[in-house]
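A.B. asks: Just to be clear, the model below is a prediction. Sequence and coordinates:
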Amino acid sequence: MEPVRNYINGAFVDAVSGQTLDTVNPATNTVITAVPRSQAVDVKHATEAAKAAATAWGATTMVERIAWLERIADALEAEAETIAQLESLDTGKPISLARRVDAARSVANFRFFADHAKGHQDPTFSDHGAVNHVHRSPVGVVGLITPWNLPLYLLSWKVAPALLMGNTIVAKPSELTPLTADFLAKTVHALGLPAGVFNLVHGYGPEVGQAIVEHPDIRGISFTGGTATGRLVAATAAPMFKKLSLELGGKNATVVLDDAPLDDIMEGLVRASFTNSGQVCLCGSRILVDETIYDTFAEKFIAKVEELRLGDPQDEATQMGTVISQDHKAKVESYIRLGIEEGGTVLTGGLSELAPVPGVPSDGAFLRPTVLAGLSASCRTATEEIFGPVVTLHSFASEDEAVEMANLTEYGLAGSVWTADIERGHAFAKRMETGIVWVNTWLNRDLRTPFGGVKQSGVGREGGDWSMAFFSEMTNVCIQQP
Ligand code: TXE
C-alpha cells in the first residue's frame, strides 16, 4: 500500500522531518504501510492553514455547509466497502463488523448532522420590551484527537459537527489506525473542500496530539481516548481556557435483575460484552447478576460466548477478530493473570498460550473471549479498564447492593440493566452514576441524545444539539426598541 501522508492546506505532504512510523495489521503482525511521524512543526503548519481558512469557511452559510456534509456522506457511502476493508486491515476487527458498524456509522454521522441542522433554529427570548437573539459563531480552529477502536466512526463524529458549525480542523487519528482518516482526507480533497478547512496530521500522541493541545491558536479540543491521556490533555488545555470535550474510558456494569428473561437477552449480553473484542468504551465488562439466578445465568452465558466464531478478520463468518496490537494483547493478558492472582476462576477463554485460537497466525493479536468469576467487585480486575475481551461475573443479594456495586468504580460512562419490568429497569437506571444507561438493549444509539460520561469517564457531552453547542460560541444580542 502507498505510504500515508499528512493532509495540510489542501496538499498531501510528508512530515517536515521526513520521519515515518509503521502501521501494522494485528491479525498477521505485518507492516501495512508507513505513516508520517510528525512533530510540532507539522502541527504548526496545519494550524496556520486552518487559521487562514477559518474566516472564509466561517462566513459560509449553514445551508452551504449542510450541502458539504451531504456530499461527504454520499462520497463515503459510495466507498463504504473500501472503508470497511481498510478498517478491518488496520484494527483486526471482523469485516462484517467493519461494514455494519464502522463504515455505516461514518456515513451516518455526516448525514445525521446535516439533517439535524436543517430543523435547527437558534432561540430568541422576549421580556420587558426587549428581544434576545442567540447568535452562534464558530469556535475557530479546533483540534480533534481520536483513538483506534472505532477509527473513522469516532473521527467523523467530531468532524461532521465541527464543519457544520463553521470551524476549521486540525485532526490527529491514532498512530495505530491511520488508514481511514487518510481516506477521509482523500475524499474531502477529491470533493474540493477548500484548502485548510480540514487538516490531518499523523503521528504519536505525545508528539502530535500534545502539540495540538498546546497550540494557542487551536481554541477547542475534542478528545476521545484513555483517561490517563485525557488528564494530560485537560491539564495542558485548562490554563489556556480552551473549550474541551473529553470522552474517556469506562468500566461499565451490566446488571441482570432476577426477573430478566435469560434466554431472550443472552445474545444482547454477549454483544454488550465482546463487540469489537471488548474494545468499545461502552462495552459492559462487569456483569452483576441477582444471586437467585446466578448459576443458571453463568451456564447460559458461557454457552453463548463459546458460540462466537473467532478467527481471520477477513472471513465473512468471523464474529471476533483480534485486539488492536501485540502490546495491547499483552496488557489484556496481564489483567487475566491479575484476575487469577486476585482469586478469580477462568470460566472460558484465558491466556492465549493455554487457550489458543485455532487456525490463526501465531503472532496475530488473537485472544479468546474470557469470563472470570469469583472475584470481589472491588478488586483491580473488576474496577480497572481492561478494554479487551474480558468480563467478570459477580452476584448481588439486593438491588441496593447492585447499585452500590455498579457505582463502585472511578468510571461512569455507560451501563445496562436487563429485566422483564421496564419501570423497574428505568428506576434502577436512574440510580447508576453514568452518562448513559440502556435498559434491555445496548449500543442502541439515537444520535440526537447526549453522549458522554461522569467521574473519570470524561467531561461534556456530544451528540445532536450538544455537539452543535460544543463546536460554536454563543453571543446573546439583546435588542430594545429605541
Ligand atoms: O489511548 P490514548 P491508548 C483506553 C483503554 C486503553 C487505554 C490506552 O483502556 O487501553 O485507553 O489506550 C493520542 N496529548 N481507551 O494508549 O493514548 C493518541 O495518539 C494528546 C479508551 O491507545 O489515550 C490517540 O490519537 N493526545 C478509549 C489518542 O490520544 C495524545 C479508546 C487516544 O490514545 C497524547 C482508546 C497526548 N499527550 C483507549 N498521548 C475510548 N474512550 O473509547 C496520546 N494521545
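C.D. replies: Okay, I see it.
A.B. asks: so what's Lys243 bridging to?
C.D. replies: Beta-bridge partners recorded for Lys243 (DSSP bridges): Gly220.
A.B. asks: what pLDDT does it get?
C.D. replies: As summarised for this prediction, Lys243 has a pLDDT of 98.
A.B. asks: residues from the stretch 351-482 of the chain in reach of the ligand?
C.D. replies: Neighbours of the ligand within the stretch 351-482 of the chain, by CB under 6 Å from any ligand atom: Glu385, Phe387. Heads up, the C-betas are built off the backbone N, CA and C, glycines and all.
A.B. asks: hey, where'd the helices end up in the stretch 351-482 of the chain?
C.D. replies: 380-383, 399-406, 422-430, 464-470 (DSSP state H, counting those that start in this stretch).
A.B. asks: so which of the ones you listed comes closest to Met320?
C.D. replies: With CB to CB as the measure, helix 380-383 is the member of the helices of the stretch 351-482 of the chain nearest Met320 (20.6 Å).
A.B. asks: How far does that closest one sit from its chain's centre?
C.D. replies: Chain-centre distance of helix 380-383: 22 Å, with CA atoms, centre = their mean, to the nearest Å.
A.B. asks: Who are the packing partners of it?
C.D. replies: Applying 3 or more CB pairs under 8 Å, 6 or more residues apart in numbering; DSSP states H and E, one finds that helix 380-383 makes contact with helix 326-341, strand 390-396.
A.B. asks: list the buried ones in that helix?
C.D. replies: Thr381, Ala382, Thr383 (16 or more other CB atoms under 10 Å).
A.B. asks: Could you export these as CSV, including pLDDT?
C.D. replies: Shown next, in CSV, are the buried residues of helix 380-383 (pLDDT from 0 to 100):
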residue, pLDDT
Thr381, 98
Ala382, 98
Thr383, 98
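A.B. asks: what's the closest of those residues to the ligand?
C.D. replies: Thr383 (12.7 Å; CB to the nearest ligand atom).
A.B. asks: Just the buried positions in stretch 174-181, please.
C.D. replies: Buried-residue list, stretch 174-181, by 16+ other CB under 10 Å: Ser174, Glu175, Leu176, Thr177, Pro178, Leu179, Thr180, Ala181.
A.B. asks: restrict those to those near the ligand?
C.D. replies: Contacts with the ligand within those, counted by CB under 6 Å from any ligand atom: Ser174, Glu175.
A.B. asks: All the strands of the stretch 201-350 of the chain, in order from the start?
C.D. replies: Taking DSSP state E, counting those that start in this stretch, the strands of the stretch 201-350 of the chain run over residues 218-224, 243-247, 252-256, 284-290, 345-348.
A.B. asks: for these, which one ends up most surrounded?
C.D. replies: strand 252-256 (a mean of 28; mean count of other CB atoms under 10 Å).
A.B. asks: Packing partners of that one?
C.D. replies: helix 262-274, strand 284-290, helix 399-406, strand 414-418.
A.B. asks: Can you say which of these is packed in most?
C.D. replies: The most buried one of these (mean count of other CB under 10 Å) is strand 414-418, showing a mean of 29.
A.B. asks: ok, back up a step: let me have the helices of the stretch 351-482 of the chain in TSV, extended by distance to Gly311.
C.D. replies: Formatted as TSV, these follow (distance: least, CB to CB, whole Å):
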stretch	distance to Gly311
helix 380-383	27
helix 399-406	34
helix 422-430	35
helix 464-470	37
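A.B. asks: Backbone dihedrals for the residue lying closest to Gly268 once chain neighbours are set aside, both of them.
C.D. replies: The shortest distance from Gly268 to any non-neighbouring residue, by CB to CB, 6 or more residues apart in numbering, is to Trp442 (5.8 Å). Phi and psi for Trp442, reported as degrees, to the nearest 10, are phi -160, psi 140.
A.B. asks: hang on, the earlier thing: for the buried residues of stretch 174-181, work out which two are farthest apart.
C.D. replies: The widest separation within those, taken as CB to CB, falls between Glu175 and Thr180 and amounts to 13.6 Å.
A.B. asks: quick revisit: just the buried residues of helix 380-383 now: which is nearest Ile293?
C.D. replies: Set against Ile293, the nearest of the buried residues of helix 380-383 by CB to CB is Ala382 (19.7 Å).
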